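Colleague: this one's structure only:
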């Protein structure tokens, strides 16, 4: 089956390697009649683009997206939308060393074991470049969400030891600094930390938070296709993510029923609401209308210049210093990827949920 | 689509409510030729059974599994295996109050919003009883894993403030105590903590760790179907789980590349190995042959006797004390569910992975 | 994957062997709020039941369906509906001969080759009894269709050389005679033909037509998931079906564009209509609002008493006379199976189609 | 879900319109280690190309395929293979009339009803050009089949009233004549028939047969995923196909058990074989090792110059003469599409079947 297809109704299939001709994605199942232009997608792609900051790889990829199909007279037709981003500005690079050994923290060894060999140029399919296609597709998902009043907002929550101060949260700030932090006061210490690590040929981990606001109630399927289960998969499918929390997350383990249950109340509009939102907007796998809150933990860039021990394909122990220019932090560029995966997942489950009630079926088909 | 189907090759479909006629599961895609008896399944079901401890509901469900199809002369035939566990000993209970309001922490509200109404008896489909079917199917998955030398072991890692001491880890202990703790010295303080909470009509959260040992290398698909992504979904699909970690999990956010990368080495057998296992046995979504390590965080039982605020279906604010006998802790009974979901996920990805290399295809079809 | 799961949104999973404990089906994805009783399902099951005629097996199976889950207070809850039909009245029978050789026209050989061994009692999973589960699920699909004004009607079109006269078509007649023929004048010659074959220990093929009326326009997906493609799969998945036609079917090969194109016109109600319906209600894989017309061709019962040549598992050439009482014709009992598969397919595609237009998405989610 | 994804393990996703930027396909799940070049694919694409004969559209599309990803150092890597064929030589054409009315036999009306509007240029997604992507993907499937000794051969069996004489069957002849007929003596009468129709502004239907030889036994899943069921879907998903037969096909309706059952025997090599092959190589949905034989019936090209009645989008009755140059016959260009769909289906089911026996699982994973 391989793994490059995602979604049940709003389905995408991605392709492309870091150093091949390009990367792309086909979206099948996008509803017809949605206004869509290349600019809509480019906005998100530009947030993922390297070269935004001194802490991202200085390769100047243009990452210009092209719509190859599925849009006619400015609107989606309901048929497959094919998007492509050609790779350009590939610098010639000597991969002869990398081709022969396994870089720690990279997929070199596991790919070789799985497939028998690997495209060793720039990580091939396991490269972060694969996420370009996710972001492009996510931008279309976001167009649907915006028509339904749903908004997905992710941001850097921490970089190494530097955490944002939530009391200083400013959404406008997120895309104003290189680190995608919503708290401008955290940016400088984070930059200093990264600069020091970069000088040492080292790298840092960090965390990203994501809020989905405006969710209708009742979205998500029971048992295996819970909304949070699908969000967890979506997040953990992003290369460097190693942990995911929904709502209070890990803290629930040390809480009690009394301190963890969200009490229901009637809000000012006379609607059912909750006094708190420890559940993170999802109960029993189904949205309760509150903000969905999730957090992911991202590992440090595995490509570092410092000396590491490893082995060659022939089983010889060697030392390695990974050459090339690498981001000392993955987090800021992963923020838009988190948004994309959240948007893709929520759209798919919103569409699936349309078939839940006979009342809805009649609403669509009654003449 | 609803959500009660799971898996791509080794596929299961579960059904049944807490207070209906029973619960069951159909497994389609189980390879033929595997020895299977009802006893094989009963062993795991008995680990989930209520009544094992003073901290689980005293309902004396027998939970006897019956194989209805798919096994002939003691072996799986390759066709669907249908398992059923009849509900018995259902105590008559007055659901009239529960039917009219939304219990905090339960899915009453979200089910009503999604479906228009709900089976309010004992939580209906959102009841923990739904996991009986998962455990039954997981027992069959485990039979396959054992033939491949793969073992799945989960255990209680913490209950409220009480953590196991890893240096005292004793696998034999896990099913010897009511709390499924592998460290007998942690059992008593945990029991005391739970007894106190129970007296207060309160409940506790906790955490579960799971180790999958004996994994072949190369299992898991890149991009969206990463092995860790599917494990994350599997775990988060268990009702009360709110966070999941793989390997170092959340800690990666504060680590550096140098302290988080696992260096490769050659082990005593001359095979590629790793000096450390911060990755938790999965790199780039693909198993690296080390133990897979994951941890989940489980919320406190939402059913508590203490007074809570909520609203009725008619939008009236009320107070509620949830009646009935409830476990003050979900964790010990969820341990076998974690094992089951891990086993189901790993078996499915092992089968999918068989098609990865042309070399494997030829191996199966060459005469 | 095995093959006992069907559908994408309205999904079913079937199980059970001819001589096991029973057969059953779980339906996941049935919309909530539909009135459903065991009687609704029993009506269709009774049409499949053996013993309706002298030409069907005299085994007196009761085929009483039981709803095990998914219905509460007489309405579907949106969660899995599990149906079971226990096998009773299994006559003891000596399978020792059948277990050792391959019956011509049966799946004995292919099952052995696929699985390594087989449940040889009564054909195991390849038995026609497997269709019981399809009919039960189909009855629920039909409940949905009826609310949308869609009706599925199948009937015997021919038995051996005896064809119905379409000018004498009487829908009321279909379930009034043993052969499910809508033309009572064809019944007698067909019976005579079958009686003669039965005496010779032989059997007959035949054909079934199916009309789906009341279809909305616009249902079906382009490319691979065309409505007719899915209907073709549905029909060919019925054991004995060897050919399927949509609309003019095979005749199109000898027609010209001028004689095969359906001209559009405006009907009395002012709506777009067609002068003819050679297309059988589907153009480009999508329903055009006309009646959908399909026809399937069913092979003769392979179980015959006449002497046949075959081989044993050990590769010895032998002669065989298949013992037991067998229907000399499959067709009349397959009529309701054709209806069930058509209903299941159409419901699934109707639900999928709800997500096609952004206009529909807004209709469901707008407050 | 839309319909442009196909397959479970060997999965493809196609995109592209007749008059957009191009058409393409992504193949995910292709095993690693298969030698693959653009030439391998071009060979099949050239068989579909218009301009091969006076009876196909004279548009000189180059249809040059480009591999964008998934191949490294001449071998498949196991990751997604993206193929693109750019559209060039699009002649400017006035679509203003076509955009306003519904062409008989085309999907104009059904697309408008489904999606609310349509890309009216050249049929958009419902164009035969969509099959380019199928043929490209099919060429890769064929590479796998050839390594397993499986061969797929389709050919024109009839054009209008002209049938091939099977006694003159010459496989070499198929791609030597414009009509893809394996009997050179049928070519001339067929050409005369087509020339006459073309002069009248009319078109012809026809039929295609397909043989899959070298199939292993045991491939195909019981119940809904029968090999013949999936082949039926694959064939009916080709735009103009209106009927499909397996083996004796429609004839089974008039046969008896004695004349339709294939008797088993032992062949010269001492293996189980059959005296006849009325079943067309599939029994109970599973391959029996004999040649798989299927036949499809193709409708006449709906685009004809002769005057037809239709209606406009505004509901006005009008007459239409479809302008432009159109093939008077679809069949010869559809032959390679039939091969492609057969190859794609068989490869997917071969890969699925690898997981059937525990014996196979052990074979792949044992060290």
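Modeller: Arrived safely. What you see is a predicted model, and the numbers here were worked out from it, not measured in a lab.

Colleague: what about the residue of the stretch 251-367 of chain A at minimum distance from chain D, how many neighbours?
Modeller: Closest approach between the stretch 251-367 of chain A and chain D, counting by CB to the nearest CB: residue A:351, at 8.8 Å. All C-beta spots, glycine's among them, are computed from the backbone N, C-alpha and C. Neighbours of residue A:351 under the rule other CB atoms under 10 Å in any protein chain shown: 27.

Colleague: Likewise for residue A:65?
Modeller: 26.

Colleague: Next up, the contacts around it.
Modeller: Applying CB atoms under 8 Å, 6 or more residues apart in numbering or on different chains to residue A:65 gives the contacts A:38, A:41, A:42, A:45, A:83, A:84, A:85, A:136.

Colleague: Quick check: the residue nearest to residue A:242 when sequence neighbours are not counted vs residue C:165, distance?
Modeller: The shortest distance from residue A:242 to any non-neighbouring residue, by CB to CB, 6 or more residues apart in numbering or on different chains, is to residue B:252 (4.7 Å). Residue B:252 is 77 Å from residue C:165, where distance means CB to CB, to the nearest Å.

Colleague: now swap in residue A:277 and tell me
Modeller: 70 Å.

Colleague: Compare neighbour counts for the two and give me the winner.
Modeller: Using other CB under 10 Å as the criterion, residue A:277 and residue C:165 rank with residue A:277 on top: 16 against 10.

Colleague: Residue numbers of the stretch 51-200 of chain A in contact with chain D?
Modeller: For the stretch 51-200 of chain A, the residues in contact with chain D (CB under 8 Å from any CB of the partner chain) are A:66, A:68-70, A:72, A:75, A:77-82, A:84, A:114-119, A:124-125.

Colleague: Which stretches in the stretch 151-300 of chain A count as strands?
Modeller: Applying DSSP state E, counting those that start in this stretch to the stretch 151-300 of chain A gives strands spanning A:151-159, A:162-163, A:206-213, A:241-246, A:264-266, A:272-274, A:282-283, A:286-287, A:292-298.

Colleague: neighbouring strands for the longest one, and are they parallel or not?
Modeller: Looking back up the chat, that one is strand A:151-159. If you go by DSSP bridges, strand A:151-159 pairs up with strand A:162-163 (antiparallel), strand A:206-213 (antiparallel).

Colleague: can you give me how far the first one is from the chain middle?
Modeller: Centroid separation between strand A:162-163 and its chain, computed with CA atoms, centre = their mean, to the nearest Å, is 21 Å.

Colleague: Residues touching it, excluding its own?
Modeller: The contact list for strand A:162-163 (CB under 8 Å, 6+ apart) reads A:157, A:186, A:189, A:190, A:193.

Colleague: Which one of those sits in the busiest neighbourhood?
Modeller: Neighbour counts for those were taken using other CB under 10 Å; the highest belongs to residue A:190, with 28 neighbours.

Colleague: Could you identify the longest helix within chain A?
Modeller: Criterion DSSP state H: the longest helix present in chain A is helix A:331-353.

Colleague: still on that earlier bit, which of the contacts of residue A:65 fall in helices?
Modeller: Secondary structure defined by DSSP H assigns A:38, A:41, A:42, A:45, A:136 of the contacts of residue A:65 to helices.

Colleague: which one of the residues you listed is nearest chain B?
Modeller: Within those, proximity to chain B (CB to the nearest CB) peaks at residue A:136, which comes in at 14.1 Å.

Colleague: Can you get me a residue count around that closest one?
Modeller: Per other CB under 10 Å, the neighbour tally for residue A:136 reads 29.
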